[in-house]
Structure formats: structure tokens, C-alpha cells
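> Coordinates only, no sequence provided:
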């Protein structure tokens, strides 16, 4: 019979490390990094814990999709126009509005359009799900709990005056913990770093290497200081850019499509039209 002591579990080792209670969050993070250095935590686990701790300090306004960037459907538009818009934008949920973005009638689920495509009786207003409204100042950890309880995946964000400031999804919240979450509409394959979308623009993963980006767009960016197009964009801004921010480089407009508080995930790239100067003789 083997009498050698059993190897302590990860929980037991981590508990032993944390036996001295940290005085504040900084000390807790220092202990967690010490656990990582001692191979008690892997990099993914450490990143998730850090993301969860940071999320408790964040508010909805920090991660919401701004009003100007909201993809919405208009309840009075013809169904053919709505269906085409849903296909082109490839989201799963859309705020349905009346005269303006402040007039949100409900949430349209893309899957509910199957009745329309199948030739069944379809009334858009009857198919809308109730919209949930949350203030900009709501904390993300509270919002995540509300999402779980209500089983909603999208909320409309309102400002202090009751106007619509943007929208937030459960994916936006979870990405603060686990990083970018790609769905079936993002990139078909892991190696598919550059993809042409329905609007004629290119969606590019921020991890795309500079050499591959240059080959695709006939550009001449140097890879001596940065390895990826995401690093190139960050260097141009001199900081971590937010969703929607853009920079023009070598005739290309490069806009941040997805980013969180730690990294850039996805970019939209399109060529800037060349305006020729016509001079009179």
C-alpha cells in the first residue's frame, strides 16, 4: 500500500497561498500573480480572475455600443428592406424603433424572421420582444446578474435624461472577463484573418501579422516595432483605442470594431476614396 502523501489539489495550493488575507485588491492581485509565477494558476485563469475583478468596477457606459453605432430596424419599413438589413449586418438581435432611436418599440430576434421567409403570416410589431432599459451608470457585475435572471441578452442604455445612449449585450459584458467571444458571424475559420463583408469593407483580426496585412492590401507597414495590425493601430493612437475610433494610414481607413479594456480584437478596413484636384487652365 502506497503511504506517500497525495499531491495537493489546485484549490488546496491556492488556499495555502492565500492563507494570509490580503488587505486590499492590489495585494490580492499581487498574490494571484505570485500564484501564477509558482504555476498554481495558468495564464488563462489569471486573466479571467483579473477580468472579473475589473468588471466589478466598470459601468455600462464603459462597454456599451454608442447610439450612433447601433444597428436598428424601423418598424414601419417594408419587410423586404428589414430582412435585407438583418442579413447584411448579421446580428442576432435588433432594437426596433419608430421615428427615432429614442423611440424603441422592442427587440427583434433575427430567428423570428423565419416565419416571414417561410411565407407564414407575419406582423413585425407582434413579434417584438420587450426591451429592457438600463442606466449608463449600472455596474457590469449587477447587469450580468440581471441578464442571467431575466434571460435577456440585450439592454437599451439610457442617459440621465431618459434618452437612448446606446445598447449593451451579454456578450459585451462577458468579454470583459474572458476576452473576445467570436460567434458564427465573426470569422468562419481560425486562419481566416481577413474577410470581405456584405458592405464591401474588410473585417480584420487584430492579431493579423503585418506581413500578411501588407500582402493583402499592398501596403508597406514595417514590422520592426510591432508584429500585428492591432499593435500598429495602438502605436498610431499612442493608447488603447475604443470601439468606433479610426485612423487613416496609407490610403486605408482602419476602424476599431471590437475592443475591450485590455486589447483590440477586430478591425474594419476600407480604402479611402481618392479625391482628384481639378485645376482650371
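Sure, I can see it. Owing to the predicted nature of the structure, the values given are computational and were not obtained by experimental measurement.

> Show me the domain layout of this protein.
For the chain, the domain assignment from the TED database gives the residue ranges 23-56, 59-176, 192-269.

> Reformat those into a markdown table and put mean neighbour count and mean pLDDT next to each item.
Yep, even glycine has a C-beta here, placed from its N, CA and C like the rest. Rendered in a markdown table, the data for the domains of the chain read as follows (neighbours: other C-beta atoms under 10 Å; pLDDT from 0 to 100):
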| stretch | mean neighbour count | mean pLDDT |
| --- | --- | --- |
| domain 23-56 | 14 | 73 |
| domain 59-176 | 16 | 88 |
| domain 192-269 | 17 | 86 |
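
> which residues of the protein fall in helices?
Counting by DSSP state H, the chain has helices at residues 10-17, 25-37, 43-55, 79-89, 114-117, 124-127, 140-150, 170-178, 210-217, 229-237.

> Out of those helices, flag the one nearest residue 133.
Taking C-beta to C-beta as the criterion, helix 140-150 is the member of the helices of the chain that comes nearest to residue 133, at 11.5 Å.

> check contacts around the nearest residue to residue 206 once chain neighbours are set aside.
Spatial nearest neighbour of residue 206, chain neighbours left out: residue 230 (2.8 Å); criterion: C-beta to C-beta, 6 or more residues apart in numbering. Going by C-beta atoms under 8 Å, 6 or more residues apart in numbering, residue 230 touches 205-208, 263-265, 267.

> And the helices of the chain: which comes nearest residue 272?
Across those, the minimum distance to residue 272, taken as C-beta to C-beta, is reached by helix 210-217, at 12.0 Å.

> Could you check the angle the closest one makes with helix 229-237?
Counting by axes from the mean of the first three to the mean of the last three C-alpha atoms, to 10 degrees, helix 210-217 points 90 degrees away from the direction of helix 229-237.

> picking that back up, return the distance of the residue nearest to residue 206 relative to residue 115.
Using C-beta to C-beta, to the nearest Å, residue 230 is found at 41 Å from residue 115.

> likewise residue 125?
Where residue 115 is concerned, residue 125 sits at a distance of 14 Å (C-beta to C-beta).

> Same question for residue 233.
42 Å.

> Likewise for residue 223?
Taking C-beta to C-beta as the criterion, residue 223 is separated from residue 115 by 50 Å.

> Pretty sure residue 254 sits against residue 269.
Yes. Under the criterion of C-beta atoms under 8 Å, residue 254 lies in contact with residue 269, with a separation of 5.3 Å.
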